[in-house]
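Colleague: Build me a model:
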Amino acid sequence: VALYDQSAEKLTFPLAVRNYEERIEIEPRPLGTDEFSTIITKNAPLLLVGENLDQVRSSLGIESMLSGVGSFLGVPLTVSDAVIGVLAIRDDESTLTFSHDDRRILTAVASQLGVVIQSARLFEQTVELAEELGNVSKRRARSSATAANGSTRSAGTSRPTVPKDYWIACQAPEILIPIA
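Modeller: Residues are numbered from 1 along each chain as shown. Next comes the predicted model:
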């Protein structure tokens, strides 16, 4: 899986697996002319199979970032016609592993994955916004309390002169219990 940051024109690879179990790290990279970048810029699947993959890549203007690939299939991850990444699979042994049927299946999976990724991003933004609003609310409450304390202090005393029931109503307005 490659994710595309359009504002930075950068690809990140949060999930890359070799031999079905071995996670591998792929460094982030700028959008370029590799297989993933080609899928993103053309917003189209890329199926590379056959004996002469280097010639095919060259004719498509692709500078491969993948070495030793026998077959490659990648499809764009899209949300509302915007490309947000690439879902790709490869086979290092066979040059004829993938077909157009595989492309259709991977495209269907990518469609669902795009929605999931976008939902996760929106959820993350919502959580960040809620935390930011909570922090603003806390700062305002502290500022209000400081202002209230400062305006109600009498000379030489460190305790507020505001009645205790006033503070209960301000701090918890849903509790209206008079204090005798």
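Colleague: Quick one: list the elements packing against whichever strand or helix holds Ala108.
Modeller: Counting by DSSP states H and E, the secondary-structure element that holds Ala108 is helix 100-152. Contacts of helix 100-152 with other secondary structure elements, assessed using 3 or more CB pairs under 8 Å, 6 or more residues apart in numbering; DSSP states H and E, are made with strand 71-79, strand 82-91. The way it works is simple: take the backbone N, C-alpha and C, and place the C-beta from them, glycine included.
Colleague: Tell me, what's the model's pLDDT at the spatially most central residue of the chain?
Modeller: The chain has Arg121 as the residue nearest its centroid, 4.6 Å off, counting by CA atoms, centre = their mean. Listed pLDDT for Arg121 reads 82.
Colleague: repeat for Gly156
Modeller: At Gly156 the predicted local confidence, pLDDT, stands at 51.
Colleague: Next up, the contacts around Gly70.
Modeller: With contact set as CB atoms under 8 Å, 6 or more residues apart in numbering, Gly70 has these partners: Leu53, Arg90, Asp91, Asp92, Glu93, Ser94, Thr95, Thr97.
Colleague: so how far is the helix holding Ala108 from its chain's centroid?
Modeller: Remark: helix 100-152 is offset 11 Å from the chain centroid, using CA atoms, centre = their mean, to the nearest Å.
Colleague: angle of it against strand 71-79?
Modeller: For helix 100-152 against strand 71-79, the angle between stretch directions is 40 degrees (axes from the mean of the first three to the mean of the last three CA atoms, to 10 degrees).
Colleague: Thank you, goodbye.
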